[in-house]
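Engineer: quick check, what structure comes out for this input:
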Amino acid sequence: DAMLSYYNSVASFEGEWYLFATDAADIYHVHPLLPQLIGTDIKDVVGSDGYELGKELAKATEEGVWVEYLWPHPVTLKEVPKVGYAVRRDGMLFASGYYVRAEDPTGRTVDYVQQAIDYYKANGLEATVNHYSSEGSFDGQWNLTLADENDILLTSPLTPHLVGVDLKDVGAGSIRKIGEEMAAATEDGIWVSFVFPNTRSSETLYAHTWAVRHDGLLFTSRYYDDQPGDPEGP
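Structural biologist: Numbers count the residues shown, from 1 in each chain. Model prediction:
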């Protein structure tokens with residue numbers, strides 16, 4: 001019971017690593033990221049690409065097995081590549097894994113924002129707000145936060161309760177005013193990096209945010225890692 005309580009809590013996370021485990025019949029008893037899986041058969045888990053990742057993990061013996069598959073990112077819960085290791089002990093399955101780092105995340109962030117600007121140019125503001133408020137606009141860990149000329153948030157898919165709020169008020173009262181820093185962006189763009197309060201785990205993540213103005217609107221997106229400091233260049 002103590003083991004189940006601990007490993008089903010956010011306190012058990014070490015960085016991006018967390019334990020998921022099943023009994024000898026392959027029924028989940030531990031999964032702190034997706035607790036809704038507890039009580040289900042791991043062999044029934046299939047990725048969005050059709051890959052039967054649960055069956056592959058369940059093939060683990062006492063010698064262990066490595067499996068590459070798509071799995072929800074701990075911040076966005078959108079699927080990204082992951083490499084998992086599973087091993088049997090007393091019939092039970094113990095597993096963990098790491099998320100594959102995206103190549104050139106700074107470049108991908110800048111490109112994602114530019115794609116949003118291009119979408120706005122082609123389709124207008126209303127269509128842009130509708131599109132980037134939906135999960136269909138996500139690209140792995142990337143999504144768009146958009147503010148109007150007065151810095152009022154129009155889209156904020158990870159924190160929708162902030163829509164209608166002045167970006168400059170986000171983080172107000174803290175030592176560092178993150179919202180004001182992002183709102184200072186010009187058409188040349190700026191990077192703003194800060195600790196991201198990830199409520200799904202105890203890990204410290206840094207959100208590296210690219211913010212740029214176009215037509216007075218503020219377009220921002222970000223990537224997450226465990227490295228402090230702003231990226232170099234756009």
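Engineer: and the helix or strand where Val212 lies, average pLDDT?
Structural biologist: Using DSSP states H and E, Val212 sits within strand 205-214. Averaged over strand 205-214, pLDDT sits at 92.
Engineer: for that strand, packing partners?
Structural biologist: Contacts defined by 3 or more Cβ pairs under 8 Å, 6 or more residues apart in numbering; DSSP states H and E place strand 205-214 against helix 105-123, strand 190-196, strand 217-225. All C-beta atoms are positioned from the backbone trio N, CA, C, and that covers glycine.
Engineer: so what strands line up beside it?
Structural biologist: Applying DSSP bridges to the sheet, strand 205-214 is found paired with strand 190-196 (antiparallel), strand 217-225 (antiparallel).
Engineer: lowest average pLDDT across those?
Structural biologist: strand 190-196 (a mean of 88).
Engineer: any buried residues in it, and which?
Structural biologist: Ile190, Trp191, Val192, Ser193, Phe194, Phe196 (16 or more other Cβ atoms under 10 Å).
Engineer: repeat that for stretch 118-130.
Structural biologist: So, applying 16+ other Cβ under 10 Å, buried residues of stretch 118-130: Tyr119, Tyr120, Thr128, Val129.
Engineer: wait, isn't the third one in contact with Lys121?
Structural biologist: By that I understand Thr128. No - with contact defined as Cβ atoms under 8 Å, Thr128 and Lys121 do not form a contacting pair (9.2 Å).
Engineer: find residues that contact each of the two.
Structural biologist: Between them, Thr128 and Lys121 share no contacting residue under Cβ atoms under 8 Å, 6 or more residues apart in numbering.
Engineer: can you pull out the strands in the protein?
Structural biologist: 20-22, 28-30, 65-72, 79-89, 92-99, 145-147, 153-155, 190-196, 205-214, 217-225 (DSSP state E).
Engineer: and those strands, which is most packed in?
Structural biologist: Comparing the strands of the chain by mean neighbour count (mean count of other Cβ atoms under 10 Å), strand 145-147 ranks first with a mean of 26.
Engineer: what's next to it, contact-wise?
Structural biologist: 116, 128-129, 132, 153-157, 167, 183, 217-221.
Engineer: send me stretch 36-56 as PDB with only the CA atoms.
Structural biologist: Output in PDB follows, covering the C-alpha atoms of stretch 36-56 (Å, rounded to 0.1, in the frame of the first residue of the first chain):
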ATOM      1  CA  GLN A  36      -7.400   6.700 -15.300                       C
ATOM      2  CA  LEU A  37      -5.400   3.700 -16.600                       C
ATOM      3  CA  ILE A  38      -5.300   2.100 -13.100                       C
ATOM      4  CA  GLY A  39      -7.400  -1.000 -13.100                       C
ATOM      5  CA  THR A  40      -7.100  -1.500 -16.900                       C
ATOM      6  CA  ASP A  41      -5.000  -4.000 -18.800                       C
ATOM      7  CA  ILE A  42      -1.800  -2.600 -20.200                       C
ATOM      8  CA  LYS A  43      -2.100  -4.900 -23.200                       C
ATOM      9  CA  ASP A  44      -5.100  -2.900 -24.300                       C
ATOM     10  CA  VAL A  45      -3.100   0.300 -24.700                       C
ATOM     11  CA  VAL A  46      -2.700   1.300 -28.300                       C
ATOM     12  CA  GLY A  47      -1.100   4.500 -29.600                       C
ATOM     13  CA  SER A  48      -2.800   6.900 -32.000                       C
ATOM     14  CA  ASP A  49      -0.600   5.400 -34.700                       C
ATOM     15  CA  GLY A  50      -2.100   2.000 -34.100                       C
ATOM     16  CA  TYR A  51       1.000   0.600 -32.500                       C
ATOM     17  CA  GLU A  52       0.100  -1.900 -29.700                       C
ATOM     18  CA  LEU A  53       2.600  -0.500 -27.300                       C
ATOM     19  CA  GLY A  54       1.000  -2.100 -24.300                       C
ATOM     20  CA  LYS A  55       1.400  -5.600 -25.700                       C
ATOM     21  CA  GLU A  56       5.100  -4.900 -26.400                       C
END
